[in-house]
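Chemist: for reference, the sequence and a predicted model appear below.
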Amino acid sequence: MKNLIILILFVCGCSSFVNAQSAINSDNVNPKHTYLTTRLHGGIVVPHHVNMMYFIENFSGGVELTYGRSLFSKDSWESYFNYPEIGLGFYYGTFGNRDIYGAGLALFPYINYNIYRNARLSVQNKVSMGLGYATKPFNIETNTYNTVFSSHLNAYIGLALLMDYRLNKQFSLALSASLTHLSNGAARKPNHGVNTFTGSIGAKYHFNEAATPILNKVEAPKSRHREIIVAGSIGRSQSTAYNESLYWNGSLSINHLWHLNEKRAIGLGYDQFYSETAPHSWEAYENSDEEISFSSRHYLFNGLFASYNVFLGKTTLFLNLGAYLHTNIKPPQPLYPRMGIRHYVTKNLIANFSVKASFFRSEFLEFGLGYRINYKREDKS
């Protein structure tokens, strides 16, 4: 959960971190460059829980394959972010003990923001998030030592610092330092998650043999666009490792957005939650009454939140920080973070994925649909 918060903050900060570069003549140059990159990883598992220290016996290793493209067009949304590389990747890695933790696989979209770039050398920071698969999750009978994840399906998160050096028209030397995280967001427990820190060496193949265009940074046009996002989502989660029941969770969110420019917006909104998990997970297990029963009023609570949004074409990354207005059971903290991704299926219909948390502890994952209400047209200046 901590890694997911870092990811969203990292992505939001990247939009202001990319730096301007001197321009060269790019006339008659294909603006679309595509790449196929292979990296071999080696490193360590970061034991962020004490019990993991006793079972890690080896280094972490893995292989990564990505296919990406950069669009060097001043008319694209990429121009506001200094022409990043975006694409799809596959990762296979080990976690220091195959007998207990097995191995992990992941399929993920990614975006590489440029820190520095010239015709040969490129330094980038990479952000990725996708679907992961753990080969040996926790099992109450056969694998009780694995407390890092308890389901095959997990969320995968990756952060990396990349350096590519163009050797010739078709190949670059590819180096990286990466931090990855795999967990299921409390859908099943135990769920401490597993973190790996690795270095890698590899090769990038350039389908477009032309030199990388170096274009001037394009400032995102200012906007007075206003809109309201209404989204409903549902999900299931397990309250504690001792309670194997899966509970339903849901939310209805109304968010008013003020667009600052083509890249960012801030917002204020209202959350109405329904969570069957909350009464069980908010109370300490050892202090709870196993015979206690909850009614629907215990499952309902609401809050107000502020939001920060970054627009990547049809995809929006958002980070919300909320404060509870009313609950019938005392929450762990008065504030709650919520972060996720929205993608526009049509002009106004939105697919939503988000995580509701209590600071650094995930409470539940949720999937849903939303609708955008535009009530003030965009006014660029």
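Modeler: That came through fine. Everything numeric here is computed off the predicted structure, so don't read it as measured data.
Chemist: which strands and helices sit next to the helix or strand in which residue 104 is found?
Modeler: Element membership for residue 104, per DSSP states H and E: strand 103-117. Other elements packing on strand 103-117 under the criterion 3 or more Cβ pairs under 8 Å, 6 or more residues apart in numbering; DSSP states H and E are helix 2-17, strand 60-71, strand 85-94, strand 121-134, strand 153-166, strand 171-183. Backbone N, C-alpha and C define where each C-beta goes, glycine included.
Chemist: just send those back as CSV, with distance to residue 376, mean pLDDT and mean neighbour count too.
Modeler: Below are those laid out as CSV (distance: least, Cβ to Cβ, whole Å; pLDDT from 0 to 100; neighbours: other Cβ atoms under 10 Å):
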stretch, distance to residue 376, mean pLDDT, mean neighbour count
helix 2-17, 23, 47, 18
strand 60-71, 29, 95, 19
strand 85-94, 30, 96, 19
strand 121-134, 31, 93, 20
strand 153-166, 35, 93, 20
strand 171-183, 39, 93, 21
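Chemist: state the pLDDT value of the closest residue to residue 95 other than its chain neighbours.
Modeler: Spatial nearest neighbour of residue 95, excluding adjacent residues (Cβ to Cβ, 6 or more residues apart in numbering): residue 101 at 3.8 Å. Confidence at residue 101, expressed as pLDDT, is 86.
Chemist: mind putting the helices and strands packed on strand 103-117 in a markdown table, distance to residue 38 included?
Modeler: Formatted as a markdown table, the helices and strands packed on strand 103-117 follow (distance: least, Cβ to Cβ, whole Å):
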| stretch | distance to residue 38 |
| --- | --- |
| helix 2-17 | 24 |
| strand 60-71 | 5 |
| strand 85-94 | 10 |
| strand 121-134 | 15 |
| strand 153-166 | 12 |
| strand 171-183 | 8 |
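Chemist: the ones you listed: which one's closest to residue 215?
Modeler: Counting by Cβ to Cβ, residue 215 lies closest to strand 60-71 out of the helices and strands packed on strand 103-117; the figure is 10.7 Å.
Chemist: so what touches that closest one?
Modeler: Contacts to strand 60-71, defined as Cβ atoms under 8 Å, 6 or more residues apart in numbering, come from residues 31-45, 78, 83-96, 110, 112, 196-198, 200, 202, 212.
Chemist: ok, of these, which come out buried?
Modeler: 31, 33-35, 37, 39, 41, 43, 45, 78, 83-87, 89, 91-96, 110, 112, 196, 198, 200, 202, 212 (16 or more other Cβ atoms under 10 Å).
Chemist: related to what we said a few turns ago, go ahead and confirm the residue nearest to residue 95 touches residue 193.
Modeler: No. Counting by Cβ atoms under 8 Å, residue 101 sits too far from residue 193 to count as a contact (11.5 Å).
Chemist: shared neighbours, these two?
Modeler: Joint contacts of residue 101 and residue 193 (Cβ under 8 Å, 6+ apart) are residue 148.
Chemist: number of residues surrounding residue 99?
Modeler: 11 (other Cβ atoms under 10 Å).
Chemist: show me what contacts it?
Modeler: Neighbour list for residue 99: residue 136 [criterion: Cβ under 8 Å, 6+ apart].
Chemist: so is it in a helix, a strand, or just coil?
Modeler: At residue 99 the chain is in coil, as set by DSSP: H, G, I helix; E, B strand; the rest coil.
Chemist: equivalent analysis for residue 298, please.
Modeler: Relying on three-state DSSP, one would call residue 298 helix.
Chemist: my read is that it contacts residue 329, right?
Modeler: Yes. Look at residue 298 against residue 329 with Cβ under 8 Å: they come within range, at 5.7 Å.
Chemist: tell me which of the two has more neighbours.
Modeler: Set side by side, residue 298 and residue 329 show more neighbours around residue 298, with 18 against 14, by other Cβ under 10 Å.
Chemist: pLDDT wise, what is the nearest residue to the more buried one once chain neighbours are set aside at?
Modeler: Leaving aside its sequence neighbours, residue 298 sits nearest to residue 279 (Cβ to Cβ, 6+ apart; 4.6 Å). Per-residue pLDDT puts residue 279 at 81.
Chemist: which neighbouring elements make contact with the helix or strand harbouring residue 279?
Modeler: Counting by DSSP H and E, the element that carries residue 279 is helix 278-281. On a contact count with 3+ Cβ pairs under 8 Å, 6+ apart, helix 278-281 meets strand 226-240, strand 243-259, helix 296-299.
Chemist: could I get the ones you listed as JSON lines with distance to residue 206 and mean pLDDT?
Modeler: Formatted as JSON lines, those follow (distance: least, Cβ to Cβ, whole Å; pLDDT from 0 to 100):
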{"stretch": "strand 226-240", "distance to residue 206": "39", "mean pLDDT": "89"}
{"stretch": "strand 243-259", "distance to residue 206": "36", "mean pLDDT": "90"}
{"stretch": "helix 296-299", "distance to residue 206": "54", "mean pLDDT": "86"}
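Chemist: returning to that earlier point: wait, what's in contact with the residue nearest to residue 95?
Modeler: 45, 55, 94-95, 134, 136, 146, 148, 194.
Chemist: per-domain residue ranges of this protein.
Modeler: Domain assignment of the chain by automatic domain parsing yields the ranges 2-206, 226-376.
Chemist: okay if I get those domains as CSV plus distance to residue 220?
Modeler: Shown next, in CSV, are the domains of the chain (distance: least, Cβ to Cβ, whole Å):
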stretch, distance to residue 220
domain 2-206, 4
domain 226-376, 4
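Chemist: does residue 273 touch residue 251 like I think?
Modeler: Yes. The criterion here is Cβ under 8 Å, and residue 273 meets it with residue 251 at 5.0 Å.
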